[in-house]
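A.B. asks: what follows is a predicted protein model with its sequence.
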2 protein chains.
Amino acid sequence: MAASRRVVIALGGNAMTGPDGSATPGAQRQAIAEASAHIADVVASGAEVVLTHGNGPQVGNLLVKNELAAHVVPPVPLDWCVAQTQATIAFTLADELDAALAAHGLPQRTAGLVTRTLVDARDPGFAEPSKPVGRFVPREEAERFIALGQYWEDRGERGWRRVVASPEPLSVVDRPAISTLAAAGYVVVCAGGGGIPVVDDGHGANAPRHALRGVEAVIDKDLTAAILARDLDADTLVIATDVPNVMVDFGTPQCRPLGRVTAAELRQHAAAGQFARGSMGPKVEAALRFVESGGRRAVVTTLEHIADAVSGDDVGTVLTAQ
Amino acid sequence: MAASRRVVIALGGNAMTGPDGSATPGAQRQAIAEASAHIADVVASGAEVVLTHGNGPQVGNLLVKNELAAHVVPPVPLDWCVAQTQATIAFTLADELDAALAAHGLPQRTAGLVTRTLVDARDPGFAEPSKPVGRFVPREEAERFIALGQYWEDRGERGWRRVVASPEPLSVVDRPAISTLAAAGYVVVCAGGGGIPVVDDGHGANAPRHALRGVEAVIDKDLTAAILARDLDADTLVIATDVPNVMVDFGTPQCRPLGRVTAAELRQHAAAGQFARGSMGPKVEAALRFVESGGRRAVVTTLEHIADAVSGDDVGTVLTAQ
């Protein structure tokens, strides 16, 4: 295929955490090194690669630090935590991926861009935050943070847990810089954790943006990947996760993996409640949105399969319009 | 002057902290908003601007969080802390500077790049860490971190304080991506805190870099700014600080501000011990290194004067070769 294929790869948590979900620096580096070998295979196939990634366990760790040091250092808002995870993951990815690219004899190098994603200040998510983040704490502790304006929920025996808004991503503010770097031959790491959520206090989503401000929220990274792939005119959106295929009728004797599937078929499965809200649901929704908005192809599969998934239709769940 | 002038501006702590040195999110945002107005003036003058910045108080806060949460979340290494401050400062700068640029009717926008700086694993700084970072703690607490491999020093009555290596910056690993973005018209925020320190486990500083690894160190941001300005072929390196001029004979009746000065003259003043090691010393050294390595002009002055300092020789301490 032509060297001009552009591929957006969304890395799931397993690309950046240990097998037990641990987000220690060592576990992250090890997982990222393994992921980098597979990403380099995609670059070696001639594709222009833009990478985005999740950050759930990493943000969880930062929130714990916020809490436990709050009596000495003022906690930083959630948008700052997202930013922090973008940088640590981007530079570790850059170190490991640069090494993997060099091992392939490839000239490309990695660039990590701090990336903001625009959300609507009137998104219903802000009025009723519902996305749980961070650890469980006793009520007395939660009350200290509620006093600071945070939302926490009583989760029964396990304690209280913070809930935050998870607004819809509207556009990736820094998309033009991503395009510039990708066109110049960089593998761009961007929009980590769905992007740093910002709202426009100026003139609304479609006006020139000149009053952006970070907000306390987290954005689904797969949904951001879908609009990023759309706006970058990517040929393929790859959602890398820990299973080789999307499954239907999971947990029943009829359980089966989806291979090639049309958007209409997958929409039907989704409407029938086939995909769990917190896990496969957003991945399927992101794949659907990309293809429904004109994208050629979306693939959901494991890291081990991403290079084959970019080159052919034989592995993973492959979604096309028709 | 021509629109192709390239200027590297190194922002000091006062561009990112409150008047009392506070690094709370609100204080940082306020200081950055004020700095952004002055930076936009430089862009409006037709210069291509690359920004770098310090991160001392911000890293200090992260180290406190590391300490106080260490029993729940494993501390992250210092290179990760530097990365974290790059992202929070870059996106806040991007929000505020984009607004300031739009207010000038300028088309340029800001891009924040996660940036690594190469240091030598054999730098003497690693054998004898001497740069103090973070807060003072009692001996028992320090001993917990010494057991993890950190260096801490007994500072007498105030307690123990961590000391880290401050190696010489050799090159900015991500300089090519900075050039790409600057040439495409972005105001690039990069190499924050002197850059994330990495060493090359592969083939040494002058070989293809393909085994980079973050190390526990902090790099002087002004010294990194000097090599960045040199390698970007910048016309002017501006070191923005909290005084309008470098002073000589400070604290004596002969005290006077330096205006236009040659590298030879400033070297003499430095050799005579005129500049304090922890404050003006590294700024003067960075300005000298830039001009001595072929740079046309280096200026040390306040944020309020940076636009005038880029356009003319009438404000600040202006260093030229002859």
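C.D. replies: Everything's here; your move.

A.B. asks: neighbours around A:Thr252, how many?
C.D. replies: Residues near A:Thr252, counting by other Cβ atoms under 10 Å in any protein chain shown, number 8. Backbone N, C-alpha and C define where each C-beta goes, glycine included.

A.B. asks: show me the contacts for the residue sitting nearest the centre point of chain A.
C.D. replies: Closest residue to the average C-alpha location of chain A: A:Lys221 at 2.6 Å, with Cα atoms, centre = their mean. A:Lys221 makes contacts with A:10, A:52-55, A:191-194, as judged by Cβ atoms under 8 Å, 6 or more residues apart in numbering or on different chains.

A.B. asks: would you list the buried entries among those residues?
C.D. replies: A:10, A:52-55, A:191-194 (16 or more other Cβ atoms under 10 Å in any protein chain shown).

A.B. asks: from the residues you listed, which is closest to A:Ala87?
C.D. replies: Nearest to A:Ala87, judged by Cβ to Cβ, of the buried ones among the contacts of A:Lys221 is A:Gly192 at 8.4 Å.

A.B. asks: just checking, that closest one touches A:Arg116?
C.D. replies: No - in this structure, A:Gly192 is not within contact of A:Arg116 by Cβ atoms under 8 Å, at 11.2 Å.

A.B. asks: helices along the stretch 201-322 of chain A, start to end?
C.D. replies: Under the criterion DSSP state H, counting those that start in this stretch, the stretch 201-322 of chain A contains helices at A:221-231, A:263-271, A:280-292, A:306-311.

A.B. asks: can you put these in JSON lines and add distance to B:Ala321 and mean pLDDT?
C.D. replies: Below are the helices of the stretch 201-322 of chain A laid out as JSON lines (distance: least, Cβ to Cβ, whole Å; pLDDT from 0 to 100):
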{"stretch": "helix A:221-231", "distance to B:Ala321": "46", "mean pLDDT": "98"}
{"stretch": "helix A:263-271", "distance to B:Ala321": "64", "mean pLDDT": "96"}
{"stretch": "helix A:280-292", "distance to B:Ala321": "55", "mean pLDDT": "97"}
{"stretch": "helix A:306-311", "distance to B:Ala321": "52", "mean pLDDT": "94"}
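
A.B. asks: tell me the most buried of those?
C.D. replies: Mean neighbours per residue, mean count of other Cβ atoms under 10 Å in any protein chain shown, is largest over those for helix A:221-231, with a mean of 26.

A.B. asks: tilt between that helix and helix A:280-292?
C.D. replies: The directions of helix A:221-231 and helix A:280-292 differ by 10 degrees, with axes from the mean of the first three to the mean of the last three Cα atoms, to 10 degrees as the criterion.

A.B. asks: from the chain's centroid, how far away is helix A:221-231?
C.D. replies: Helix A:221-231 sits 9 Å away from the centroid of its parent chain (Cα atoms, centre = their mean, to the nearest Å).

A.B. asks: again, but for stretch A:33-44
C.D. replies: Per Cα atoms, centre = their mean, the centroid offset for stretch A:33-44 relative to its chain is 18 Å.

A.B. asks: now it: average pLDDT?
C.D. replies: Mean per-residue pLDDT for stretch A:33-44: 96.

A.B. asks: and if you look at stretch A:54-63?
C.D. replies: Rounded mean pLDDT across stretch A:54-63 is 93.

A.B. asks: same thing with stretch A:115-134?
C.D. replies: Mean predicted lDDT for stretch A:115-134 stands at 93.

A.B. asks: swap in stretch A:66-83?
C.D. replies: For stretch A:66-83, mean pLDDT rounds to 93.

A.B. asks: any part of it near chain B?
C.D. replies: Yes - judged by Cβ under 8 Å from any Cβ of the partner chain, stretch A:66-83 and chain B are in contact via A:66-69, A:72-74, A:76-77, A:79-80, A:83.

A.B. asks: hang on, isn't A:Ala69 packed against B:Lys65?
C.D. replies: Yes - A:Ala69 lies in contact with B:Lys65 (Cβ under 8 Å); the separation is 4.3 Å.

A.B. asks: okay, now the domains of chain A?
C.D. replies: Per the record, chain A has its domains at A:6-120+A:169-320, A:131-164, by automatic domain parsing.

A.B. asks: just give me the neighbour total for A:Asp233.
C.D. replies: Look at A:Asp233: counted by other Cβ under 10 Å, it has 11 neighbours.

A.B. asks: mind telling me what element the spatially most distant residue from the centre of chain A is part of?
C.D. replies: Relative to the mean C-alpha coordinate of chain A, counting by Cα atoms, centre = their mean, the farthest residue is A:Glu140 (32.9 Å). Using DSSP states H and E, A:Glu140 maps to helix A:139-146.

A.B. asks: check which element follows that helix along the chain.
C.D. replies: strand A:151-154.

A.B. asks: is chain B contacted by the following helix or strand past that next one?
C.D. replies: Downstream of strand A:151-154, the first helix or strand assigned by DSSP H and E is strand A:160-164. No - Strand A:160-164 lies out of reach of chain B by Cβ under 8 Å from any Cβ, never closer than 15.2 Å.

A.B. asks: per-residue pLDDT, the residue farthest from the centre of chain A?
C.D. replies: 93.

A.B. asks: again with A:Ala15
C.D. replies: We have a pLDDT of 88 for A:Ala15.

A.B. asks: do the same with A:Pro197
C.D. replies: Looking at A:Pro197, its pLDDT reads 98.

A.B. asks: got the contact list for the residue lying closest to it once chain neighbours are set aside?
C.D. replies: Leaving aside its sequence neighbours, A:Pro197 sits nearest to A:Ala217 (Cβ to Cβ, 6 or more residues apart in numbering or on different chains; 4.3 Å). The contact partners of A:Ala217, by Cβ under 8 Å, 6+ apart, come to A:78-79, A:119, A:125-126, A:164-167, A:197.

A.B. asks: okay, these in a markdown table with neighbour count and secondary structure next?
C.D. replies: What follows is the contacts of A:Ala217, written out as a markdown table (neighbours: other Cβ atoms under 10 Å in any protein chain shown; DSSP: H, G, I helix; E, B strand; the rest coil):
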| residue | neighbour count | secondary structure |
| --- | --- | --- |
| A:Leu78 | 25 | helix |
| A:Asp79 | 25 | helix |
| A:Val119 | 27 | coil |
| A:Gly125 | 20 | helix |
| A:Phe126 | 18 | helix |
| A:Val164 | 23 | strand |
| A:Ala165 | 22 | strand |
| A:Ser166 | 23 | coil |
| A:Pro167 | 27 | coil |
| A:Pro197 | 28 | strand |
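
A.B. asks: nearest to chain B, of the residues you listed?
C.D. replies: Nearest to chain B among the contacts of A:Ala217 is A:Asp79, at 7.8 Å by Cβ to the nearest Cβ.

A.B. asks: the nearest residue to the closest one once chain neighbours are set aside bridge partners, please.
C.D. replies: Closest residue to A:Asp79 apart from its sequence neighbours, by Cβ to Cβ, 6+ apart: A:Gly214 at 3.3 Å. Following DSSP bridges, A:Gly214 is listed with bridge partners A:Val198.

A.B. asks: after the helix or strand hosting A:Ile178, next one along is what?
C.D. replies: Using DSSP H and E, the element containing A:Ile178 is helix A:175-183. Where DSSP H and E defines the elements, the next helix or strand beyond helix A:175-183 is strand A:187-189.

A.B. asks: please work out the average pLDDT along that next one.
C.D. replies: Per-residue pLDDT over strand A:187-189 has a mean of 98.

A.B. asks: mind giving me the packing neighbours of that strand?
C.D. replies: When contacts are defined as 3 or more Cβ pairs under 8 Å, 6 or more residues apart in numbering or on different chains; DSSP states H and E, strand A:187-189 packs onto strand A:48-53, helix A:78-103, strand A:110-114, helix A:175-183.

A.B. asks: work out the gap between the longest one and the centre of the chain.
C.D. replies: By that I understand helix A:78-103. Chain-centre distance of helix A:78-103: 13 Å, with Cα atoms, centre = their mean.
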